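1. can you look at this prediction? I've put the sequence above it.
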Amino acid sequence: MDLTKIENLFNEEINFNELKQNTINYIKNLLENYKDTFLIECIDDLPEDMLFKDLDIEYNRTEIILNKDCKAKPSFRLVFKLINPITEDPLYIYEVEYNNSGEFSDEFLIDYYKSF
């Protein structure tokens, strides 16, 4: 099986570069407006004198989810690291899930060091 063919087809079908940039913009907006989102519950977990809007966003990977239980349709997630700009250490993983049509489905904030 040539996964490069699947990758190329996927990237063309969903216009990957545009979707990635739109997702980055979505996350930036979420981080800037953290007080109005679920992120407010996590503010105490950040290093002292740091806010969510201070974090750098770095694309990490795309996960294609196939053959799920529960007869769910395939989906995919764009995965980003949220990085401390001072230490350059990742603090969180932010995943944005899209359905098989490329429409927003769900999002997840995961503590980077608890994800292993």
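-> Everything's here; your move.
2. okay, and the residue nearest the centre of the chain sits in which element?
-> Geometric centre of the chain, nearest residue: residue 95, 2.8 Å, by CA atoms, centre = their mean. Using DSSP states H and E, residue 95 sits in strand 90-98.
3. so after that strand, what's the next helix or strand?
-> Using DSSP H and E, the helix or strand that follows strand 90-98 in sequence is strand 104-111.
4. what pairs with that next one, and is each one parallel or antiparallel?
-> The pairing partners recorded for strand 104-111 under DSSP bridges are strand 90-98 (antiparallel).
5. next one: the strand it pairs with to chain centre, how far?
-> Relative to the chain's own centre, strand 90-98 is displaced by 3 Å; criterion: CA atoms, centre = their mean, to the nearest Å.
6. the residue nearest to the centre of the chain: what's it in contact with?
-> 63, 77-80, 107-108, 110 (CB atoms under 8 Å, 6 or more residues apart in numbering). Yep, even glycine has a C-beta here, placed from its N, CA and C like the rest.
7. and if you look at residue 27?
-> Residue 27 neighbours (CB under 8 Å, 6+ apart): 57, 80, 82, 94, 96.
8. report pLDDT for it.
-> At residue 27, the model reports a pLDDT of 97.
9. what of residue 13?
-> 89.
10. swap in residue 3?
-> Note on residue 3: pLDDT of 87.
11. what is the mean pLDDT for stretch 36-44?
-> Averaging pLDDT along stretch 36-44 yields 89.
12. report the buried residues of that stretch.
-> residue 39 (16 or more other CB atoms under 10 Å).
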